[in-house]
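Participant: Sequence and predicted structure below; questions after.
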Amino acid sequence: MDIGSFQGRLEALRVGAISDIGAAADLDALADVETRILGRKGELKSVMGGIGALPAEDRPKVGALANPVREAIESAIETRREVLGTAALEMRLLAEREDVTLPGRSLWRGGLHPIRETEREIARIFGQFGFVVVESPEVETDALNFEALNIPADHPARDLWDTIYVQPPTGTPEAPPDEEPRWLLRTHTSPGQIRAMRATEPPIRILTPGRCYRYEAVDASHGFEFFQVEGLMVDEDTSMGTLRGLLDAFAHAMFGAGRPTRFRPGYYPFTEPSVAFDIQCVVCDGSGCPACGRSGWMTILGAGMVHPVVLRNGGIDPERYQGFAFGMGTDRITMLRYAIRDIRAFLANDLRFLEGFPA
Ligand SMILES: [Zn+2]
């Protein structure tokens, strides 16, 4: 082999290498090309292995021919690597691109439970008429839950409420000595009215919201744990007329101005006379539907003039003062407001349900 054909081989190698380098599609492919041409067992090495076949006087010229070829290949690889590297980076930037001008995704920060929200709305409405919220214990004595409210031990009303009796909790204040210290989970919030009457002098205008408990079979409209708001007004000239006007104002604020209401005769041991307070059905507006039992009316609360025995048990002279009381299921009011069909949803702790209410 002479130096001319050696130079020809180098030139062929250079041309082929530059072409392959240009064709490498990514950094991995380029590394493969580099190894194949410049590696320890690469093509350049192989061409250089032909030196031994050259005449002795030509061998000193080999370096001057081979070095520029090696440098040209190395330079082409370097340039290609930069191009491919930049492209890869751009691809990645494109793939991971974030539009920082988009509005942020807001976190749900939690909100009032729908029952609590309804409770506050009720308190807001009656607050306009001077009613203040008073809370009382959920663990009560039999005496305050029943006896003081004109429901003695043999009273049939007790059969309506399957009461959950409990051991007196540690730290519970002793019951007054004249009361049977028999403890229960309050079946209604009415004992709060007795407590308020004993603690203050008329005029009284209070709301007693809170949880109540009865040993109920749980279904779509009954829970063993439920919520009530009761109201009590005691003054020298309270009347059924005052009660009706107040409840109308409440119904119109809660369910819409102008919604028809009515009193129906009712019965409670602690009021006399007693009434059920109905509003025109919020589903069918009075034409009759399954939600209102086709009557066109829905009962939203019970009320009446406080029984003189109850006033006396509260330390109030029934000859001088009259009062009225009313009580409603906060669950039921909330179900009517939001068209909720199943009372169990309130205490199921399902965020999909709870997130549906305004925070
Ligand atoms: Zn209806």
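Facilitator: Received the coordinates, thanks. Numbers count the residues shown, from 1 in each chain.
Participant: What is the neighbour count of the spatially closest residue to Thr208 that is not a sequence neighbour?
Facilitator: Nearest in space to Thr208, with sequence neighbours left out and distances taken as Cβ to Cβ, 6 or more residues apart in numbering, is Gly192 at 3.5 Å. Every residue, glycine included, has its C-beta placed from N, CA and C. Close neighbours of Gly192, defined as other Cβ atoms under 10 Å, add up to 24.
Participant: Arg264 in helix, strand or coil?
Facilitator: Applying DSSP: H, G, I helix; E, B strand; the rest coil to Arg264 yields a three-state assignment of strand.
Participant: Check whether it really touches Ala276, as I assumed.
Facilitator: Yes: under the criterion of Cβ atoms under 8 Å, Arg264 is in contact with Ala276, at a separation of 4.5 Å.
Participant: so what sits against both of these two?
Facilitator: Between them, Arg264 and Ala276 have Thr299 as joint contacts when contacts are counted by Cβ atoms under 8 Å, 6 or more residues apart in numbering.
Participant: follow-up on the earlier one: sec struct for the residue nearest to Thr208, please.
Facilitator: Reduced to three states with three-state DSSP, the structure at Gly192 is helix.
Participant: got the contact list for it?
Facilitator: The contact partners of Gly192, by Cβ under 8 Å, 6+ apart, come to 134-136, 206, 208, 210, 230.
Participant: ok, now how distant is it from Gly110?
Facilitator: Separation of Gly192 from Gly110 (Cβ to Cβ, to the nearest Å): 28 Å.
Participant: Repeat that for Glu90.
Facilitator: Going from Glu90 to Gly110 by Cβ to Cβ gives 43 Å.
Participant: How about Arg214?
Facilitator: Arg214 is 30 Å from Gly110, by Cβ to Cβ.
Participant: Compare the two and say which is more crowded by neighbours.
Facilitator: Arg214 (18 against 10).
Participant: Show me the contact partners of stretch 55-62.
Facilitator: So stretch 55-62 is in contact with 2-3, 6, 48, 51, 54, going by Cβ under 8 Å, 6+ apart.
Participant: again with stretch 14-22
Facilitator: With Cβ under 8 Å, 6+ apart as the test, stretch 14-22 has contacts from 30, 33, 36-37, 43, 69, 72-73, 76-77, 80.
Participant: now stretch 248-257
Facilitator: Contacts of stretch 248-257 with the rest of the structure, by Cβ under 8 Å, 6+ apart, involve 121-122, 125-126, 129, 258-259, 261, 277, 279, 282, 300, 333, 336-337.
Participant: returning to what we had before: and Arg264 and Ala276? Which one has more around it.
Facilitator: Under the criterion of other Cβ under 10 Å, the comparison of Arg264 against Ala276 puts Ala276 first, with 18 against 12.
Participant: any idea which element that one lies in?
Facilitator: Following DSSP states H and E, the helix or strand that holds Ala276 is strand 271-280.
Participant: Mind giving me the packing neighbours of that strand?
Facilitator: In terms of contacts (3 or more Cβ pairs under 8 Å, 6 or more residues apart in numbering; DSSP states H and E), strand 271-280 is packed against helix 240-255, strand 261-268, strand 297-306, strand 322-329.
Participant: List the residues that contact Glu121.
Facilitator: The contact partners of Glu121, by Cβ under 8 Å, 6+ apart, come to Met254.
Participant: of all the contacts of stretch 14-22, which comes closest to the ion?
Facilitator: Each of the contacts of stretch 14-22 was scored against the ion by Cβ to the ion, and Leu30 proved nearest at 77.5 Å.
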